[in-house]
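S.K.: Have a look at this fold, sequence not included:
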């Protein structure tokens, strides 16, 4: 299911009270961003290879990454830490000696950057799609695998259509506008919370 | 025993006083009811399907929606007549080996984990492709046309159709801004869910909102 379909459902549920779909678009996007960032089991999850460079410890999130759920380097599950915890891991971490990355720190949420520690001791091998199995036969050596929640617009599981439509309507009818309806918005929030609970997002 | 879609949607429209479909398009009612059926089955796990899939070799990470397009949640995996152990936390794989992610062996699959509604992790990877039998909660068929689907039998068991109707009722009572009826139906809908064995702390809090 696409976000366009969910938007159509939301417009029908609003029962012709909705003159403009521009804000609904934005609110629907906010709904999926919030779910991807905060839900224990996010609705849309992907996995991708990530190549590291020798000696480079700072990297930027790819555009479709909302939140890193797990990161694995080669065959090892890396752990998310903060800089204070790095001292516990290795009191001389600031010397920046290269080795296989074991932990990562989300350095700057706004700039969407993260740091791996230790910095990689080798360059990741390039991914060559011989049989088209990046996580199987074609898995390149010394690469990371990032499992993350993404902000996809298509291929959203069908069960999230109704709860996300109601969630977006709750936001749409709360803000001051010519169609403001706080009672309807409150009802939409209740129904969306109920449906989120039923599909396992709460 | 299951009910047909058409008469069930008619019950729904009668309950929200929209018989004849003057203010409510029966096709839209069918679509919303169908979505509510899908959500009901996700929560109550009544309709389970089994399929055999082939897992590619030397691979531990799969997108299971590509392999099983109608799967919502994986319940169990059986390989060579032995049940694969389900893991709920990725750290549990480290019990086998701290370098588990690229462990490729020729032995049987030991455990699996579902991440979100897309990713399936198995351990260990296999040296050859393996066929496994997967039990999963089915994503029920989506119906969108009242006339065409009138005599189609619903996949949801008869005793759980009331839950789907109640959820759809809530949707339309809200749509028509019938707030008093909505509040009453909300309480009875949650009681219905609890009577079907559904337990979730959020459900109790919703009633207090």
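M.R.: Sure, I can see it. This structure is a prediction, so every number in the text was calculated from the model and none was measured.
S.K.: For the nearest residue to residue B:99 once chain neighbours are set aside, list the residues it contacts.
M.R.: If the residues on either side of it in the chain are set aside, residue B:99 comes closest to residue A:75, at 4.1 Å by Cβ to Cβ, 6 or more residues apart in numbering or on different chains. Bear in mind the C-beta positions are built from the backbone N, C-alpha and C, glycine included. Going by Cβ atoms under 8 Å, 6 or more residues apart in numbering or on different chains, residue A:75 touches B:99-103.
S.K.: buried subset of those residues?
M.R.: Buried by 16 or more other Cβ atoms under 10 Å in any protein chain shown: B:100-103, out of the contacts of residue A:75.
S.K.: Around residue 193, how many other residues sit close by?
M.R.: Answering for chain A, as no chain was given. By the other Cβ atoms under 10 Å in any protein chain shown criterion, the neighbourhood of residue A:193 contains 21 residues.
S.K.: think we crossed wires, I meant chain B
M.R.: Counted with other Cβ under 10 Å, residue B:193 comes out at 22.
S.K.: and whichever strand or helix holds it, anywhere near chain A?
M.R.: Per DSSP states H and E, residue B:193 falls inside helix B:179-195. Yes - against chain A, helix B:179-195 shows contacts by Cβ under 8 Å from any Cβ of the partner chain at B:179, B:182, B:186, B:189-190, B:193.
S.K.: List the contacts of that helix.
M.R.: With Cβ under 8 Å, 6+ apart, helix B:179-195 has contacts from A:183, A:187, A:190, A:194, A:198, B:43, B:162-163, B:166-167, B:169-170, B:173-174, B:203, B:206-207.
S.K.: one more time with 6 Å, if that's ok
M.R.: A:183, A:187, B:163, B:166, B:169-170, B:173-174, B:203, B:207 (Cβ atoms under 6 Å, 6 or more residues apart in numbering or on different chains).
S.K.: Just name the closest of the residues you listed to residue B:22, please.
M.R.: Using Cβ to Cβ, residue B:173 comes nearest to residue B:22 of these, at 16.5 Å.
S.K.: which two in the contacts of helix B:179-195 are spaced the farthest apart?
M.R.: The span of the contacts of helix B:179-195, defined through Cβ to Cβ, is set by A:183 and B:163 at 25.3 Å.
S.K.: Between those two, tell me which one has more neighbours.
M.R.: residue B:163 (25 against 12).
S.K.: Tell me where the chain has helices.
M.R.: Using chain A here. Counting by DSSP state H, chain A has helices at residues A:3-14, A:22-38, A:83-89, A:161-172, A:182-198.
S.K.: my bad, the chain I had in mind was chain B
M.R.: According to DSSP H, the helices that chain B contains are B:5-15, B:26-44, B:64-67, B:158-175, B:179-195, B:201-208.
S.K.: on that earlier part again, minimum distance to residue B:81: which of the helices of chain A has it?
M.R.: Ranking the helices of chain A by distance to residue B:81, with Cβ to Cβ as the measure, places helix A:182-198 first at 34.1 Å.
S.K.: related to what we said a few turns ago, least confident of the contacts of helix B:179-195?
M.R.: Lowest pLDDT of the contacts of helix B:179-195: residue B:207, 63.
S.K.: who's in contact with stretch B:151-159?
M.R.: Against stretch B:151-159 from outside (Cβ under 6 Å, 6+ apart): B:1-5, B:37, B:46-47, B:140.
S.K.: what does chain B put close to chain A?
M.R.: B:28, B:35, B:38-39, B:42-43, B:56, B:58-59, B:61, B:90, B:99, B:101-102, B:115-119, B:170, B:174-175, B:179, B:182, B:200, B:202-203, B:206, B:209 (Cβ under 6 Å from any Cβ of the partner chain).
S.K.: Just the buried positions in the one helix or strand in chain A whose mean pLDDT sits lowest, please.
M.R.: In chain A, no helix or strand scores lower on mean pLDDT, DSSP states H and E than helix A:83-89, which sits at a mean of 78. By 16+ other Cβ under 10 Å, the buried positions in helix A:83-89 come out as residue A:86.
S.K.: So which elements touch that helix?
M.R.: Packing partners of helix A:83-89 (3 or more Cβ pairs under 6 Å, 6 or more residues apart in numbering or on different chains; DSSP states H and E): none among the helices and strands.
S.K.: circling back to that earlier point, mean pLDDT lowest for which of the helices of chain A?
M.R.: Mean pLDDT values for the helices of chain A show the minimum at helix A:83-89, a mean of 78.
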